[in-house]
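Novice: how would this look folded up:
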Amino acid sequence: MIPDTRKQDRPIAIWLLVCCAMIMIMAVIGAITRLTESGLSIMVWEPFKGALPPMNKEDWLRLFDIYKQIPEYQQENVGMSLEEFKEIFWWEFIHRLWGRAIGIVFLIPFLCFLIKGQVRKPLLPHLVFMFVLGGLQGGLGWYMVVSGFADRTDVSQYRLTAHLLMAFAIYGYLFWIALKLLLPMPSRNSAITSAKLHLPLMLIPLLVTITIASGGLVAGLNAGMIYNTFPLMDGQLLPASYNDITPWHINIFENVAAVQFNHRVLAISTFTLTIIVWVWAFFLTRPAALTKALHLLMAAGILQVTLGISTLLLVVPVSLGAMHQAGGLLYLTASLYTLYLVRRDKSLSLY
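Specialist: Model prediction:
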């Protein structure tokens with residue numbers, strides 16, 4: 001495989017980056033949908049007809065009547081007016097509509113590139129798999145939503161976390177392939193010792209991903225609405241109720257105190273490793289591009305920690321909660337970009 005990116009790959013890389021940007025917007029919309037408790041407002045799955053909003057009062061009343069059948073309405077929103085229902089409906093509708101838009105923006109250019117013969121054989125399986133993952137993400141989203149139709153007033157935190165992780169995985173996959181298409185392979189003869197950072201830079205996106213998963217549990221259990229102090233929780237480093245549930249391992253997934261504590265520890269650990277790598281890099285020979293990438297990684301870490309603490313202290317306002325979710329994607333982006341710059345010094349393989 002030749003090391004230099006072909007000119008025909010650049011439009012494909014830019015297209016993938018556009019899809020990444022749309023996924024990031026989708027993450028923000030999804031966060032707002034969750035924080036405004038709008039996710040259960042549409043109880044029907046209509047892939048084609050559902051792309052259109054209700055056109056008349058009869059349509060609105062039909063959807064509202066369906067919503068009235070679930071526990072969320074009966075236990076939390078009983079007496080809600082039609083106008084109030086519309087407020088939560090629109091966020092879920094926009095969330096689903098934007099998901100459809102991502103599918104269209106991916107599929108149509110993909111077919112055009114394919115017809116024109118611009119997709120090289122090594123890349124084709126990746127693009128097909130991306131499209132399949134997008135379809136699975138839509139199905140997983142519906143699987144998450146239906147968990148809130150009976151016996152509970154919100155969706156399962158397990159399914160919400162799976163849906164969130166799938167979004168981040170698709171984003172990371174598209175971004176990584178775009179990087180490989182855009183950035184040419186450097187000379188193997190340059191005196192670079194920054195390859196020593198390879199292992200810790202592999203750990204950072206892994207830790208970011210695990211922290212994001214723990215954040216999904218925090219969101220699913222509304223665990224950010226309690227213990228709104230930092231760094232202590234109810235005056236203690238480790239909250240007294242950390243192990244209230246038996247067996248003990250269930251606390252990790254279902255105990256709000258444990259879930260929030262674990263999220264804090266993971267976030268601090270990720271940021272600490274980022275600081276260590278950033279400082280270590282100054283003692284190594286490194287290309288200028290890697291130096292800039294490390295600065296971006298550090299900035300993303302500072303931003304995300306600041307957003308996380310602010311969101312907690314202010315009891316999860318919608319705006320900060322949505323920004324915090326976007327910050328997680330930015331942190332992942334910076335970590336993958338930095339990792340890629342080091343990895344391409346270790347291997348000439350494009351795919």
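
Novice: so how far is stretch 207-215 from its chain's centroid?
Specialist: Put simply, stretch 207-215 sits 10 Å off its chain's centre (CA atoms, centre = their mean, to the nearest Å).

Novice: CA atoms only: put that stretch into CSV for me.
Specialist: What follows is stretch 207-215 as a C-alpha-only set of coordinates in CSV (Å, rounded to 0.1, in the frame of the first residue of the first chain):
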residue,chain,number,x,y,z
LEU,A,207,-10.1,6.1,29.5
VAL,A,208,-12.2,8.8,27.8
THR,A,209,-14.5,6.1,26.4
ILE,A,210,-14.9,4.4,29.8
THR,A,211,-15.5,7.8,31.4
ILE,A,212,-18.2,8.5,28.8
ALA,A,213,-19.8,5.1,29.6
SER,A,214,-19.9,6.0,33.3
GLY,A,215,-21.4,9.4,32.3
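
Novice: for that stretch, what is the average pLDDT?
Specialist: Per-residue pLDDT values over stretch 207-215 give a mean of 97.

Novice: Contacts for it next, please.
Specialist: Contacts to stretch 207-215, defined as CB atoms under 8 Å, 6 or more residues apart in numbering, come from residues 161, 164-165, 168, 259, 262-263, 266-267, 269-270, 273, 324-325, 328, 331-332, 335. The C-beta positions use only the backbone N, C-alpha and C, and glycine is treated the same way.

Novice: what's residue 61 in contact with, if anything?
Specialist: Counting by CB under 8 Å, 6+ apart, residue 61 has contacts residue 82.

Novice: I meant residue 109, not that one.
Specialist: residue 15.

Novice: Name the helix or strand for it, please.
Specialist: With the criterion set as DSSP states H and E, the secondary-structure element containing residue 109 is helix 82-115.

Novice: before we move on, what about residue 198?
Specialist: Residue 198 belongs to helix 198-220 when assigned by DSSP H and E.

Novice: any idea which helix or strand comes after that helix?
Specialist: Note on helix 198-220: by DSSP H and E, the next helix or strand toward the C-terminus is helix 251-254.

Novice: Next, the buried residues of the helix or strand following that next one.
Specialist: Proceeding C-terminally, helix 251-254 gives way to helix 256-281 as the next helix or strand, assigned by DSSP H and E. Within helix 256-281, the residues scored as buried using 16 or more other CB atoms under 10 Å are 256-264, 266-267, 270-271, 273-274, 277-278, 281.

Novice: could you give the angle of the next helix or strand after helix 256-281 to helix 198-220?
Specialist: Past helix 256-281, further along toward the C-terminus, the next helix or strand under DSSP H and E is helix 288-313. Relative orientation of helix 288-313 with respect to helix 198-220: 20 degrees, computed using axes from the mean of the first three to the mean of the last three CA atoms, to 10 degrees.

Novice: Verify the contact between residue 201 and residue 339 for me.
Specialist: Yes - checked against CB atoms under 8 Å, the pair residue 201 and residue 339 is within contact range at 4.5 Å.

Novice: more crowded one of those two?
Specialist: residue 201 (27 against 23; other CB atoms under 10 Å).

Novice: Give me the distance between that one and residue 7.
Specialist: Residue 201 sits at a distance of 29 Å from residue 7 (criterion: CB to CB, to the nearest Å).

Novice: repeat for residue 65
Specialist: Separation of residue 65 from residue 7 (CB to CB): 57 Å.

Novice: Tell me the predicted confidence for the nearest residue to residue 228 once chain neighbours are set aside.
Specialist: When the adjacent residues along the chain are set aside, residue 228 lies closest to residue 315, with 5.2 Å between them (CB to CB, 6 or more residues apart in numbering). Among the per-residue scores, residue 315 holds a pLDDT of 96.

Novice: Look up how far residue 35 lies from residue 315.
Specialist: Taken as CB to CB, the spacing of residue 315 relative to residue 35 amounts to 11 Å.

Novice: what's the answer for residue 209, then?
Specialist: Using CB to CB, which is the criterion applied here, residue 209 is 22 Å from residue 35.

Novice: which other residues reach stretch 40-50?
Specialist: The set of residues that contact stretch 40-50 without belonging to it, under CB under 8 Å, 6+ apart, is 63, 66-67, 69-70, 72, 85, 88-89, 91-93, 96, 100, 142, 145, 148-149, 154-155.

Novice: Quick one: residues in contact with the helix or strand containing residue 137.
Specialist: Here residue 137 sits within helix 124-146, counting by DSSP H and E. The contact list for helix 124-146 (CB under 8 Å, 6+ apart) reads 39-40, 42-43, 45, 99, 102-103, 106-107, 110, 114, 119, 155-156, 159-160, 162-163, 166-167, 169-170, 173-174, 177, 351.

Novice: now swap in stretch 290-302 and tell me
Specialist: Identification of contacts with stretch 290-302 by CB under 8 Å, 6+ apart yields 194, 204, 270-271, 274-275, 277-278, 281, 286, 327, 330-331, 333-335, 337-338, 341-342.

Novice: could you redo the last one with a cut-off of 7 Å?
Specialist: Outside of stretch 290-302, the residues within contact range by CB atoms under 7 Å, 6 or more residues apart in numbering are 194, 271, 274, 278, 281, 330-331, 334-335, 337-338, 341-342.

Novice: Where does the prediction get shaky in the chain?
Specialist: With pLDDT under 70 as the threshold, the chain has low-confidence stretches at 1-6, 184-194, 345-351.

Novice: same thing but at 50, please
Specialist: Along the chain, segments meeting pLDDT under 50 span 1-5, 187, 189-191, 347-351.

Novice: Using the record's assignment, carve it into domains.
Specialist: Partitioning the chain according to automatic domain parsing yields domains covering residues 1-184, 187-351.
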